[in-house]
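S.K.: sequence-free structure coming up:
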Ligand code: NDP
């Protein structure tokens with residue numbers, strides 16, 4: 001079995017799905033030596049089975065807008081792999097949502113969840129619905145119709161969705177309310193819930209905080225600290241906001257945030273007050289970052305990404321393929337030595353190769369942004385026990401989980417030249433647990 005032969009089969013069987021092909025290629029390239037060295041994996045055709053989702057659900061979502069016009073969207077749930085636990089993964093509401101993107105996200109989620117050490121399988125879902133510019137009532141009606149289509153396929157021991165791009169606490173509230181109404185039961189079938197109805201402390205902050213804890217572990221191996229480091233961040237949503245907050249708390253200097261329209265450059269460094277202002281801008285007023293520039297006197301660069309700004313550490317926290325080869329070369333030329341992915345697959349395949357060649361520490365989303373789903377796993381545990389832990393307890397567990405993920409990445413990614421290939425480490429460590437579970441089940 002060779003990579004190109006394997007990928008030509010994947011491409012033929014999944015036409016028109018470039019993001020899915022990219023995620024599979026990155027994974028298979030790293031795990032292939034482990035697979036071919038073990039006859040059990042080869043005989044069981046473990047890789048061929050892993051790239052085939054357990055099932056894909058697609059459904060029509062019809063709803064009425066504020067003008068009484070009928071709107072039609074498409075809903076999805078990709079239940080990718082439940083070898084080590086019930087399907088778990090977010091819902092994305094964005095006009096760009098399609099099967100390729102959700103299959104790549106569900107595939108990645110399988111190995112990310114395996115890395116967390118918690119018993120969770122991988123899934124992802126969403127709809128091509130754009131919440132931007134919609135009233136609260138329209139978002140509620142959409143969420144209710146979406147959940148009416150999805151409810152029969154999920155459940156606390158079956159499949160437990162959460163938020164992602166375009167799905168925050170408001171949407172989770174509407175989705176959970178409709179699920180509870182249809183099933184006539186209160187169960188933790190969604191995570192990211194509000195504190196009043198079963199949500200875990202720190203779930204909102206967990207992905208961003210975890211991404212920073214992971215970067216801290218990388219630096220600690222080289223006897224370095226976050227304090228004093230200049231950091232660029234892309235995105236200004238949930239993950240970006242809490243990445244910025246934790247970096248600032250730890251004494252780093254955050255100089256950028258971005259959105260779909262461009263990025264702000266604040267060379268003096270952002271403060272917690274400014275980040276909270278961005279949170280209000282994005283989650284309450286749904287405004288653009290050019291307002292930040294006006295409010296705080298920083299520069300706004302329209303239609304550009306932040307990777308031209310010199311930094312020590314880069315945190316891509318917006319979306320897939322937002323950092324390309326040219327960006328990678330610019331970052332390296334400007335002295336960047338560490339990239340920690342808050343977003344899923346934000347770095348293109350070719351850019352990843354540039355980081356590898358330059359021996360930049362590159363923490364893939366599977367590892368670096370696993371804190372969010374890890375705390376979702378803890379939310380499920382708290383719901384099942386009918387109790388809740390304190391913020392301090394959850395934070396302590398989050399730090400411990402990120403430390404363990406880091407250790408597993410080093411174990412499987414450490415090279416003879418002393419450089420850690422975090423992409424290899426994360427993929428191999430994530431693969432082994434899922435593969436061994438699948439072997440134990442026989443031919444299913
Ligand atoms: P949000 O919707 O809260 O924020 C997304 C941010 O990214 C917004 O600032 C948005 O800009 C920007 N963005 C989205 N699409 C694009 C695009 N095509 N080009 C430029 N900017 C874009 O989502 P999250 O913060 O939750 O998610 C961000 C990333 O993190 C995603 O890749 C997601 O899969 C990943 N992730 C999220 C987790 C979570 O717990 N939420 C867990 C693990 C990974 P604008 O403000 O203009 O809309």
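M.R.: Perfect, I can see it now. Here the structure is a predicted model, which is why all the values come from computation and not from measurement.

S.K.: Within its sheet, name the partner strands of the top strand by length along the chain and how each one runs.
M.R.: When the chain is parsed with DSSP state E, its longest strand is strand 70-81. When pairs are called by DSSP bridges, strand 70-81 turns out to pair with strand 55-64 (antiparallel), strand 121-127 (antiparallel).

S.K.: how far is the shortest one from where the chain is centred?
M.R.: The one in question is strand 121-127. Centre-to-centre, strand 121-127 and its host chain are 11 Å apart (C-alpha atoms, centre = their mean, to the nearest Å).

S.K.: swap in stretch 10-22?
M.R.: With C-alpha atoms, centre = their mean, you get 20 Å for stretch 10-22.

S.K.: how close does residue 160 get to residue 332?
M.R.: When distance is defined by C-beta to C-beta, to the nearest Å, residue 160 is 39 Å away from residue 332. From N, CA and C alone the C-beta is placed, and that goes for glycine too.

S.K.: With residue 346 instead?
M.R.: Plainly put, residue 346 is 16 Å away from residue 332 if you go by C-beta to C-beta.

S.K.: just residue 338 next, same as before
M.R.: Using C-beta to C-beta, residue 338 is found at 11 Å from residue 332.

S.K.: Next: residue 320.
M.R.: For residue 320 relative to residue 332 (C-beta to C-beta), the value is 21 Å.

S.K.: Next: residue 127.
M.R.: Note on residue 127: its distance to residue 332, by C-beta to C-beta, is 38 Å.

S.K.: The two: which has the busier surroundings?
M.R.: Higher neighbour count among residue 127 and residue 332: residue 127, with 27 against 17, using other C-beta atoms under 10 Å.

S.K.: Would you mind naming the residues that bridge with the nearest residue to that one once chain neighbours are set aside?
M.R.: Distances taken as C-beta to C-beta, 6 or more residues apart in numbering place residue 75 nearest to residue 127, at 4.6 Å, with adjacent residues excluded. Using DSSP bridges, the bridge partners assigned to residue 75 are residue 59, residue 127.

S.K.: Point out where the stretch 251-400 of the chain drops to low pLDDT.
M.R.: By pLDDT under 70, the stretch 251-400 of the chain has no low-scoring segment.

S.K.: Can you tell me which residues in the chain are near the ligand?
M.R.: 163-166, 207, 235-240, 259-260, 282, 317-319, 342-344, 369, 372 (C-beta under 6 Å from any ligand atom).

S.K.: how about a cut-off of 5 Å?
M.R.: Residues of the chain lying near the ligand by C-beta under 5 Å from any ligand atom: 164-165, 207, 235-239, 259-260, 318-319, 343-344, 369, 372.

S.K.: Which helix or strand contains residue 405?
M.R.: Residue 405 belongs to helix 391-413 when assigned by DSSP states H and E.

S.K.: Give me the buried stretch members for that helix, please.
M.R.: 394-395, 397-399, 401-402, 405-406, 408-410, 412-413 (16 or more other C-beta atoms under 10 Å).

S.K.: got the angle for the helix or strand just after that helix vs strand 70-81?
M.R.: Later in the chain than helix 391-413, the nearest helix or strand by DSSP H and E is helix 422-440. Angle between the axes of helix 422-440 and strand 70-81 is 80 degrees (criterion: axes from the mean of the first three to the mean of the last three C-alpha atoms, to 10 degrees).

S.K.: what angle do helix 422-440 and helix 391-413 make?
M.R.: Following the same axes, to 10 degrees, one obtains 90 degrees for the angle between helix 422-440 and helix 391-413.

S.K.: From residue 235, how far off is residue 399?
M.R.: Taking C-beta to C-beta, one finds residue 399 at 23 Å from residue 235.

S.K.: just checking, residue 249 touches residue 272?
M.R.: Yes - using C-beta atoms under 8 Å, residue 249 is in contact with residue 272, at 7.4 Å.

S.K.: got the contact list for stretch 236-249?
M.R.: Residues from elsewhere that reach stretch 236-249 (C-beta atoms under 8 Å, 6 or more residues apart in numbering): 163, 165, 168, 204-209, 211-213, 226, 231, 233-234, 254, 257-259, 269-272, 275, 278-279, 281-282, 289, 315, 317-318, 342-343, 369, 372.

S.K.: got the buried residues for it?
M.R.: Going by 16+ other C-beta under 10 Å, stretch 236-249 has these buried residues: 236-248.

S.K.: TSV please, covering these and showing pLDDT.
M.R.: Shown next, in TSV, are the buried residues of stretch 236-249 (pLDDT from 0 to 100):
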residue	pLDDT
236	98
237	97
238	96
239	98
240	98
241	98
242	98
243	98
244	98
245	98
246	98
247	98
248	98
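
S.K.: Need the pLDDT of residue 1.
M.R.: Looking at residue 1, its pLDDT is 79.
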